[in-house]
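A.B. asks: quick one, structure for this:
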Amino acid sequence: MEPELVREVLSNKFGHFERPTSSGLLKQLVTGLADHEGKKWAKHRRIINPAFHVEKLKRMLPSFSASCSELMERWETLVAELTRDGISRAAFGSSYKEGNRIFELLTELSERILEALRSPQFPGLRYLPTKRNLKIWEVDRVVGALLTNLIKKREQEMKMGESTDDLLGLLLESNMIRENSECKIFYLAGQETTSVLLTWTMVVLGMHPDWQTKARDEVLQTFGKNEPDFDGLSRLKILTMILYEVLRLYPPALNLFRSPVKKILGSHRFIPGVQLTFPVLLMHHDRELWGEDVEEFKPERFAQGISKASKNQSAFFPFGWGPHICVGQNFALAEAKLALSMILQRFSFHLSPTYAHAPSPTIALQPQHGAQLIFGRV
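C.D. replies: Alright, predicted model coming up:
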């Protein structure tokens, strides 16, 4: 819970603190860059980083916009569909219909693995061909096959001279290793992070109509009723403050973990095998760091940026910190800003009387009973 120690660990570039190795079943979800360490992680990160450069995000913006426009026309569907479609198009150049099956299977896979992890028999049965494990392995095999086919299809399209203005194309263009594990983690982590961020943002804007009005006024002043552009999104100060405050209250990662190779951290000494836990959610709600109004939704605390929002700039780390900071954070924030801008241009919304506020930790912090919102045209 000490921000300076958190920053020291997460910023370490010398391999003194490693992420714990995933178990057999978790490896089927947390794969690729999210599970690598040492030279292998450095190689993958170095290759992937250019795909998230600001100029590459600009090239992917039309894909985000197309997904948003279609959703505006069929708003009776769920917000999660937007992020699935946006990731499918912007990341992998496929339509929602093609990506939907992958998302359905990944959701089923994550649910089955989380159920297995909660089982008291799990530690002794994780590698045995039980009925549960056989089903998990089968779903994982199908997901791998679908993603492999998606990669091969994209390679063929590139050979035919089609555009590479999507994440998969940019990775293949950069000679990224052809592994479906990287696709899997981008699908799962990207959809989970952005859809939850959008959901909580719309919930709190439904609770706080004054901030919803401020955000809408800013969007209309910047874009009018025109399609948002990347440069305009970077000028949305109020919407950025709102998103940061939502990430503070409802961070996508509730905890971060490290296993120290180095035996000393500050005045603390560690024995081999100990695991350090950094409780992101608790630190984001710490009164000593944020003040007595820590439980309140107050985007103005970020008016002067992240460094001035709390008593210690290391107290806010929704995407991690240091060399292992989430490679897709700008991707997620750009998608969220675009989606919210287009929603605010067209709709006003407030909470339904049926909404019950109950944040529940699963893979991320989800609204346990859903997020019921009532929409009206602006």
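A.B. asks: make sure residue 284 is actually in contact with residue 315.
C.D. replies: Yes - applying Cβ atoms under 8 Å, one finds residue 284 in contact with residue 315, separated by 7.3 Å. Heads up, the C-betas are built off the backbone N, CA and C, glycines and all.
A.B. asks: distance of residue 14 relative to residue 42?
C.D. replies: If you measure residue 14 against residue 42 using Cβ to Cβ, to the nearest Å, the figure is 12 Å.
A.B. asks: could you do residue 316 as well?
C.D. replies: The gap separating residue 316 from residue 42 is 26 Å, by Cβ to Cβ.
A.B. asks: circling back: would you mind telling me which of residue 14 and residue 42 has the busier surroundings?
C.D. replies: Legend: neighbour count by other Cβ atoms under 10 Å for residue 14 and residue 42, higher for residue 42 (14 against 7).
A.B. asks: sorry, back to before: now do the shared contacts for residue 284 and residue 315.
C.D. replies: The overlap between the contact sets of residue 284 and residue 315 (Cβ atoms under 8 Å, 6 or more residues apart in numbering) consists of residue 290.
A.B. asks: shaky segments in this protein?
C.D. replies: Applying pLDDT under 70 to the predicted model, the residue ranges of the chain that meet it are 21-32, 34, 74-100, 114, 117-127, 163-168, 170-191, 262-263, 363.
A.B. asks: the same query, at a cut-off of 50, please.
C.D. replies: Counting by pLDDT under 50, the low-confidence segments of the chain come to 76, 78-79, 95, 177.
A.B. asks: how about the strands in it?
C.D. replies: With DSSP state E applied, the chain shows strands at 17-18, 256-260, 264-265, 268-269, 276-278, 347-351, 359-361, 365-367, 373-377, listed in chain order.
A.B. asks: need those in a markdown table with mean neighbour count and distance to residue 5, can you?
C.D. replies: Supplementary listing: the strands of the chain in a markdown table, determined by neighbours: other Cβ atoms under 10 Å; distance: least, Cβ to Cβ, whole Å:
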| stretch | mean neighbour count | distance to residue 5 |
| --- | --- | --- |
| strand 17-18 | 18 | 11 |
| strand 256-260 | 18 | 11 |
| strand 264-265 | 14 | 6 |
| strand 268-269 | 11 | 8 |
| strand 276-278 | 17 | 9 |
| strand 347-351 | 17 | 39 |
| strand 359-361 | 12 | 24 |
| strand 365-367 | 19 | 24 |
| strand 373-377 | 12 | 40 |
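A.B. asks: make TSV out of those strands and add distance to residue 63.
C.D. replies: Putting the strands of the chain into TSV (distance: least, Cβ to Cβ, whole Å) gives the following:
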stretch	distance to residue 63
strand 17-18	35
strand 256-260	30
strand 264-265	43
strand 268-269	47
strand 276-278	34
strand 347-351	22
strand 359-361	31
strand 365-367	26
strand 373-377	24
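A.B. asks: out of the ones you listed, nearest to residue 228?
C.D. replies: For residue 228, the closest of the strands of the chain is strand 347-351, at 14.9 Å, according to Cβ to Cβ.
A.B. asks: now the angle from the closest one to strand 373-377?
C.D. replies: For strand 347-351 and strand 373-377, the angle between their directions (axes from the mean of the first three to the mean of the last three Cα atoms, to 10 degrees) works out to 160 degrees.
A.B. asks: name the helices or strands packed onto strand 347-351?
C.D. replies: Contact partners of strand 347-351 among helices and strands, from 3 or more Cβ pairs under 8 Å, 6 or more residues apart in numbering; DSSP states H and E: helix 180-207, helix 209-223, strand 373-377.
A.B. asks: angle of the second one against strand 347-351?
C.D. replies: It stands for helix 209-223. In terms of direction (the same axes, to 10 degrees), helix 209-223 departs from strand 347-351 by 160 degrees.
A.B. asks: do the last one as well
C.D. replies: Here strand 373-377 points in a direction 160 degrees away from that of strand 347-351 (the same axes, to 10 degrees).
A.B. asks: for strand 373-377, C-alpha coordinates in PDB please.
C.D. replies: In PDB, the C-alpha atoms belonging to strand 373-377 read as follows (Å, rounded to 0.1, in the frame of the first residue of the first chain):
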ATOM      1  CA  LEU A 373     -30.000   2.700 -18.600                       C
ATOM      2  CA  ILE A 374     -32.900   4.700 -20.200                       C
ATOM      3  CA  PHE A 375     -32.000   6.500 -23.400                       C
ATOM      4  CA  GLY A 376     -33.500   9.400 -25.200                       C
ATOM      5  CA  ARG A 377     -32.500  11.300 -28.400                       C
END
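A.B. asks: thanks a lot, see you next time.
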